[in-house]
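Novice: just need the structure, nothing else, for what follows:
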Amino acid sequence: MHRSEEAIALTVTPGAKKIFQAIYRDQQATANKGEESISKLQVSEVISKMAFYYEKIRNAVHYNEDHLLRKDAIERIFKRQLIIENSIKFSKGDSHVAARHLLMELIRAGYLPNNTLPETKVEEIAVVVEKYLTLRQLCTGEAASNFNFFGGKAKDKKFDSRFDLTNWLIGLAAAEIEQHIDTDEVSKTIILVMYGLLEKRLDLPDSLPYKEDLPIQLYLAIHRSLLKFDDAMLSLILLNYFNGDWAVATPKTVAQVAKNLGSLRELINKQLNHPLADQMVNIVSSHTVFFNILKDVVAEDPITVYDEFFDDPKAFARRIKKTCIKRYAKAKTKLWSAAWRSIIYILLTKSIFAVILEIPASKLFGSVISPISLAINVIFPALLLFFAVAVTGLPGEENTKKIIAGIEEIVFVEKRQDDIIPIRKPLGRRRVMNFIFGLFYAVTFFISFGLIVWFLETIYFSWVSIVIFLFFLTFVSFFTIRIRRGAKEWVVIQSRDSLFRFLLDFFSMPIIATGKWLSGKFSQINVFIFILDFIIEAPFKIFVDIAEEWTKYVRERKARL
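Specialist: Here you go, the predicted structure:
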């Protein structure tokens, strides 16, 4: 087949070549994994089902993003071993036992595949566990009093309590263990290529004092947008940034970090809450879509896709369009899945208690119990979420065209734009303006809630029922915004402003903000989570361990017959 003139004119960028090579190597490594004859971690399939269903129940009453579930499970298991069960005491061999127990629990719960992970992974994780156990021991021992981590009225205190320190360290440990479990070399390559592409285009005005912070802020923004890292995972990146040898830390390195941990945490928090953070995420977000779609296209068949650049240049655009359609449909499916998870979460953790509370509260304060208001308060959250998901549309043809253009700009030298991306000065307002806007927001708050209360009173809601309705409304509104964000992540064309959208934002923002605040507060006092984590989980996991050992014993006895 002869190459067309258009095909000869196009040159693949070095960054795109690296992505092709990384995906090809990853696919080859995955294909060869089954041929390895090394010992692997294995658990009983029957016993695993119990742990798997328990995990499903727990996740139903503790809403979190899907991509964070395993990391959160690692954190929870480690915390239970260290604080609740007190089964980890810093002694020789303890970290190895803790690491094995952690991996076995993750396999049973379905976070890792059975009979796939090599036994060598236990020692790898044990090194990480021991590092953080040592750090915690140094910081809660003599170092704590010497460097004023806790207590007192000193201005340089960096941790509120030992519990605060332990929680923070466990979060870092969970993030690092997650990295060791999921060594995604393709994502690492994409991050480096994306960083190299954007770094050259960013234009920071000389008047802004952020020249030194710009590289790490870009790096953090890519992880926030591409891999959806949370604060604990970003904190680990920053810990490695400020201590280059932390990943392979020696006892001397750990001791040095312990000595300066308070100051390190302050530096980390400063970068997490940097004035440029939001702006950098906005810059990175559209490119995240381009790289994710490119990854999907190449993963179908790296060699064929690369050859088509020369044999059939238009095939690449067709592949991108096909992948976009698949991604849009998958986003819609995930949207509905997240909606049902949210409904179950709100029903189990909020609605039941609210309804149980409404009847005695109404009797106590002499209010009339209305079956209609009770039914509305139970049904309303599900209906609102259902409606919000139903009206969420998929991206259109124009969005797909822009994605095609964006990916081709990444892949082909001749189509690269290299437009300068200006960094704007973070918005700062004078106290007078802040006061005026704050006052205006307060007025908006009272108007929004006032209109709702007025309407509910017209349909004879008691004040108890009104409070419960507002409670549901704020929660559901916040969760609606949260779950719709996943469907919107593939949109690269900004929506047009309209009078309806302005009015909707005007009246809904106070409600959503209240829901976010309440969600944060009530997540800390989730009764179901307290019961599961402190009363049920520890004895349940002991039972699972015993059952696992019993199956091994039976298997051994059977083999001797």
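Novice: low-confidence ranges, the stretch 51-200 of the chain, go.
Specialist: Within the stretch 51-200 of the chain, the stretches with pLDDT under 70 are 59-64, 84-93, 141-158.
Novice: kindly apply the preceding question to the stretch 351-500 of the chain instead.
Specialist: Ranges of the stretch 351-500 of the chain meeting pLDDT under 70: 351-359, 361-370, 427-431, 433-434, 495, 497-498.
Novice: all strands of it, in order?
Specialist: 421-422 (DSSP state E, counting those that start in this stretch).
Novice: so where do the helices sit in it?
Specialist: 352-364, 371-390, 397-411, 431-458, 463-488, 499-523 (DSSP state H, counting those that start in this stretch).
Novice: and what of the stretch 51-200 of the chain?
Specialist: Taking DSSP H, counting those that start in this stretch as the test, the helices found in the stretch 51-200 of the chain are 69-79, 94-108, 120-140, 142-146, 162-181, 185-199.
Novice: could I get the ones you listed as JSON lines with mean neighbour count and distance to Ala405?
Specialist: C-beta here means a position set from N, CA and C on the backbone, and glycine is covered the same way. Output for those, formatted as JSON lines (neighbours: other Cβ atoms under 10 Å; distance: least, Cβ to Cβ, whole Å):
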{"stretch": "helix 69-79", "mean neighbour count": "21", "distance to Ala405": "35"}
{"stretch": "helix 94-108", "mean neighbour count": "21", "distance to Ala405": "41"}
{"stretch": "helix 120-140", "mean neighbour count": "19", "distance to Ala405": "42"}
{"stretch": "helix 142-146", "mean neighbour count": "14", "distance to Ala405": "55"}
{"stretch": "helix 162-181", "mean neighbour count": "20", "distance to Ala405": "34"}
{"stretch": "helix 185-199", "mean neighbour count": "17", "distance to Ala405": "15"}
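Novice: out of the ones you listed, which is closest to Val544?
Specialist: Between Val544 and the helices of the stretch 51-200 of the chain, the tightest spacing by Cβ to Cβ is seen for helix 94-108, at 6.6 Å.
Novice: contacts for the closest one?
Specialist: Residues outside helix 94-108 that contact it (Cβ atoms under 8 Å, 6 or more residues apart in numbering): 41, 43, 47-48, 50-52, 70, 73-74, 77-78, 81, 87-88, 112-114, 117, 121-123, 125-130, 133, 177, 181, 541, 544, 548.
Novice: 7 Å instead, please
Specialist: With contact meaning Cβ atoms under 7 Å, 6 or more residues apart in numbering, helix 94-108 is reached by 41, 43, 47-48, 51-52, 70, 73-74, 77-78, 81, 88, 112, 114, 117, 121-123, 125-126, 129-130, 133, 541, 544.
Novice: quick check: Ser44 touching Trp550?
Specialist: No: contact between Ser44 and Trp550 fails when scored by Cβ atoms under 7 Å: they sit 9.2 Å apart.
Novice: tell me the average confidence for the strand or helix carrying Tyr345?
Specialist: Assessed by DSSP states H and E, Tyr345 sits inside helix 314-346. Mean per-residue pLDDT for helix 314-346: 86.
Novice: can you give me the angle it makes with helix 463-488?
Specialist: Orientation of helix 314-346 against helix 463-488 (axes from the mean of the first three to the mean of the last three Cα atoms, to 10 degrees) gives an angle of 160 degrees.
Novice: list just the one of the helices of the stretch 51-200 of the chain that sits closest to Ser235.
Specialist: helix 162-181 (6.1 Å).
Novice: packing partners for that closest one?
Specialist: helix 69-79, helix 120-140, helix 231-242 (3 or more Cβ pairs under 7 Å, 6 or more residues apart in numbering; DSSP states H and E).
Novice: got the angle for the second one vs helix 69-79?
Specialist: Read that as helix 120-140. For helix 120-140 against helix 69-79, the angle by the same axes, to 10 degrees is 60 degrees.
Novice: give me the contacts around helix 120-140.
Specialist: Against helix 120-140 from outside (Cβ under 7 Å, 6+ apart): 88, 90, 95-96, 98-100, 102-103, 149, 162, 165-166, 169, 172-173, 176-177, 180, 249, 254-255, 257-258, 261.
Novice: the helix holding Tyr345 - contacts with which helices or strands?
Specialist: So helix 314-346, by 3+ Cβ pairs under 7 Å, 6+ apart, packs with helix 277-300, helix 302-311, helix 371-390, helix 397-411, helix 463-488.
Novice: could you redo the last one with a cut-off of 10 Å?
Specialist: Packed against helix 314-346 by the contact rule (3 or more Cβ pairs under 10 Å, 6 or more residues apart in numbering; DSSP states H and E) you find helix 45-60, helix 277-300, helix 302-311, helix 371-390, helix 397-411, helix 463-488.
Novice: include mean neighbour count when you put those into TSV, please.
Specialist: Converted to TSV, the helices and strands packed on helix 314-346 look like this (neighbours: other Cβ atoms under 10 Å):
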stretch	mean neighbour count
helix 45-60	16
helix 277-300	19
helix 302-311	15
helix 371-390	16
helix 397-411	19
helix 463-488	20
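Novice: can you say which of those is nearest to Ile420?
Specialist: Comparing the helices and strands packed on helix 314-346 by their distance to Ile420 (Cβ to Cβ), the top pick is helix 277-300, with 11.7 Å.
Novice: in PDB, list the C-alpha atoms belonging to that closest one.
Specialist: Extracted in PDB, the C-alpha atoms of helix 277-300 (Å, rounded to 0.1, in the frame of the first residue of the first chain):
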ATOM      1  CA  ALA A 277      -3.900  25.100  42.800                       C
ATOM      2  CA  ASP A 278      -7.400  25.600  41.400                       C
ATOM      3  CA  GLN A 279      -6.100  27.500  38.300                       C
ATOM      4  CA  MET A 280      -3.600  24.800  37.500                       C
ATOM      5  CA  VAL A 281      -6.300  22.100  37.800                       C
ATOM      6  CA  ASN A 282      -8.500  24.100  35.300                       C
ATOM      7  CA  ILE A 283      -5.500  24.300  32.900                       C
ATOM      8  CA  VAL A 284      -4.700  20.600  33.200                       C
ATOM      9  CA  SER A 285      -8.300  19.200  33.100                       C
ATOM     10  CA  SER A 286      -9.000  19.500  29.300                       C
ATOM     11  CA  HIS A 287      -5.600  17.900  28.500                       C
ATOM     12  CA  THR A 288      -6.500  15.000  30.900                       C
ATOM     13  CA  VAL A 289      -9.400  14.100  28.600                       C
ATOM     14  CA  PHE A 290      -7.100  14.100  25.600                       C
ATOM     15  CA  PHE A 291      -4.500  11.800  27.200                       C
ATOM     16  CA  ASN A 292      -7.100   9.400  28.700                       C
ATOM     17  CA  ILE A 293      -8.800   9.000  25.300                       C
ATOM     18  CA  LEU A 294      -5.400   8.600  23.600                       C
ATOM     19  CA  LYS A 295      -4.500   5.900  26.100                       C
ATOM     20  CA  ASP A 296      -7.700   4.000  25.300                       C
ATOM     21  CA  VAL A 297      -7.200   4.300  21.600                       C
ATOM     22  CA  VAL A 298      -3.500   3.100  21.700                       C
ATOM     23  CA  ALA A 299      -4.400   0.200  24.100                       C
ATOM     24  CA  GLU A 300      -6.600  -1.400  21.500                       C
END
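Novice: could we number from 615 for the rest of this?
Specialist: Okay, using 615 as the starting number, the last item reads as helix 891-914.
Novice: just the mean pLDDT for that helix, thanks.
Specialist: For helix 891-914, mean pLDDT is 92.
Novice: for it, what is the distance to the chain centroid?
Specialist: Computed by Cα atoms, centre = their mean, to the nearest Å, the chain-centroid distance of helix 891-914 equals 16 Å.
Novice: rewinding a little: Ser658 and Trp1164: which is more packed in?
Specialist: Legend: neighbour count by other Cβ atoms under 10 Å for Ser658 and Trp1164, higher for Ser658 (19 against 12).
Novice: that one against Ile1160, yeah?
Specialist: No: here Ser658 lies out of contact with Ile1160, judged by Cβ atoms under 10 Å, at a distance of 11.8 Å.
Novice: my read: Thr627 touches Asp1032, true?
Specialist: No: if you go by Cβ under 10 Å, Thr627 and Asp1032 don't touch, sitting 11.2 Å apart.
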